[in-house]
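**Student:** Need coordinates for the following:
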Amino acid sequence: MPAAGAGLHCETNLRKAFAAGGLTRVDPAVLRSTFHLCDTEDAEDAALATSIATWINEALSYMAMGNFPYRSTYILNGDGFLPPFPVRVACESLAEDLTHDDRTEEWLHGLASFAAVYYNYTGSIICNTLSAPVNEESRIVNELWDYQYCSQIFMVLGTQTTPTDMFGNAPWDGDAVARDCAARHGFLPHRRHFADAYGTPADWARSASNIVWSQGEYDPWRGGGVVSSL
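**Tutor:** Reported below is the predicted structural model:
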């Protein structure tokens, strides 16, 4: 993250929340208060820390996908703006190392402020619901994307990490994901649709030339793309 212009310790603080499971050691009542959860929030105390970590991770993921050097409505689907380099802005609240036990309160407030750059982009949100999308337009897009994922793309969306990674280990279970798709949409995914319809890098290397792949190093999807010459 520092190489991308974020605060030196932003990754350190997020690692405590993600890979180290630091939120699980905080009283659920403190979590509900610090993260301004609505009275209607139905996440049970036993799962609250994990739900909040996922919620923060989702904010990071979307801001990374919209981490442009100018104000943009792209990741908010036209309903509001994220600031230029929103990840940098969010990381300002986590610039210092807040991972020591005597700074837990500051760490929690820093995480809340980090997520608020995305979820409270209007500055008018009074309380948060962990399962709610950032706005109505995003809810619609999420539903459309989920259908396309299950029907056409069906790519690996898991993490296999090392002890130095910021994110926790979350192996991808294709069979479980396929069953979830069937439960939501009534069909099992065609797992090779994309390769069968559009080919693979090996196919492209044999049959195509002069293709320019535009994938910046800030792009969080870069790892799933073609990053070397074919």
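**Student:** where does the protein have low pLDDT?
**Tutor:** Low-confidence segments of the chain (pLDDT under 70): 1-5.
**Student:** Find the centremost residue of it, please.
**Tutor:** Closest to where the C-alpha atoms of the chain average out (CA atoms, centre = their mean) is residue 61, at 2.6 Å.
**Student:** Look up how far residue 142 lies from residue 108.
**Tutor:** The gap separating residue 108 from residue 142 is 27 Å, by CB to CB, to the nearest Å. The C-beta positions use only the backbone N, C-alpha and C, and glycine is treated the same way.
**Student:** Quick check: phi and psi at residue 72.
**Tutor:** With angles defined as degrees, to the nearest 10, residue 72 sits at phi -150, psi 140.
**Student:** Could you pull up the contacting residues of it?
**Tutor:** 66, 81, 82 (CB atoms under 8 Å, 6 or more residues apart in numbering).
**Student:** Out of those residues, give me the one that has the most neighbours.
**Tutor:** In terms of neighbours by other CB atoms under 10 Å, these top out with residue 82 at 24 neighbours.
**Student:** Surely that one touches residue 66?
**Tutor:** Yes. The pair residue 82 / residue 66 is scored as a contact, 5.4 Å apart, by CB atoms under 8 Å.
**Student:** Common neighbours of the two, please.
**Tutor:** 72, 75, 76.
**Student:** where do the helices sit along the chain?
**Tutor:** 10-17, 28-34, 45-65, 86-91, 104-119, 136-148, 174-185, 193-198, 201-207 (DSSP state H).
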